[in-house]
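K.L.:
sequence isn't available, so here's the structure alone:
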Ligand code: PRP
């Protein structure tokens, strides 16, 4: 008997794009795009059960096996280093993790650099690699406010179009790493539902641009 695949999708624009790809590959689930407050959607005929989760939580659901597979930004994988298999680069949701600061910023290396970010580990690793002493100010959103209010010297954050920086008189200082969406799997699911997950992986691979 075919086993159901449990799929964690990141809530938001990327998740909807991913769902449309999955639907076109035969993994549709009609009621998922209906505007309601449901969190779990199942389509027995297509063998799928979807969950909408916070983008930064996808890897947790997959690592713990609550979801067999999921789609998550590489930024989250780099930040949390979850124990999962990274199966495919979907080549969508492309952006960069960057250091940014107020226009005209110059680093004074005699002082500890104050870095506001939600990516503490990525930031620490980067500054460690260049031997720069920093203090992390951990935030959960609207990171761009920190240098504007002089709470931090720089930020380490996602830049996609660059509009947020531009509209706030900030600019990129350094690009740390390129990011895109990844198709990931729970390790034991990959063994026990190998037929189903491999088929899904191959179907997705065939439409990656
Ligand atoms: C992300 C990121 C930037 C913005 C970059 O924020 O933190 O603020 O997108 O996009 P842009 O370069 O196209 O302007 P998100 O929307 O995830 O919200 P957040 O403030 O909660 O991080």
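P.N.:
Arrived safely. Just so we're clear, the structure is a prediction, and the values are computed from it rather than from any experiment.

K.L.:
as a whole number, average confidence for the top helix by length along the chain?
P.N.:
Secondary structure of the chain per DSSP state H: the longest helix is helix 194-207. Averaging pLDDT along helix 194-207 gives 98.

K.L.:
list the helices and strands it packs on?
P.N.:
strand 5-10, helix 13-22, strand 85-89, strand 181-185 (3 or more Cβ pairs under 8 Å, 6 or more residues apart in numbering; DSSP states H and E). Glycine gets a C-beta too; all of them are placed from N, C-alpha and C.

K.L.:
which SSE is immediately downstream of the last one?
P.N.:
Read that as strand 181-185. Reading on from strand 181-185 to the C-terminus, the next helix or strand found by DSSP states H and E is helix 187-192.

K.L.:
which parts of that following helix are buried?
P.N.:
Across helix 187-192, burial judged by 16 or more other Cβ atoms under 10 Å covers 189, 190.

K.L.:
tell me which residues are up against that helix.
P.N.:
3, 65, 68, 69, 83, 84, 85, 197 (Cβ atoms under 8 Å, 6 or more residues apart in numbering).

K.L.:
please check those and keep the buried ones.
P.N.:
Applying 16+ other Cβ under 10 Å to the contacts of helix 187-192 flags 68, 69, 84, 85, 197 as buried.

K.L.:
the ligand: which of these is nearest?
P.N.:
The ligand has its nearest neighbour among these in residue 84, at 21.7 Å by Cβ to the nearest ligand atom.

K.L.:
that closest one is in contact with residue 186, isn't it?
P.N.:
Yes: Residue 84 lies in contact with residue 186 (Cβ atoms under 8 Å); the separation is 6.4 Å.
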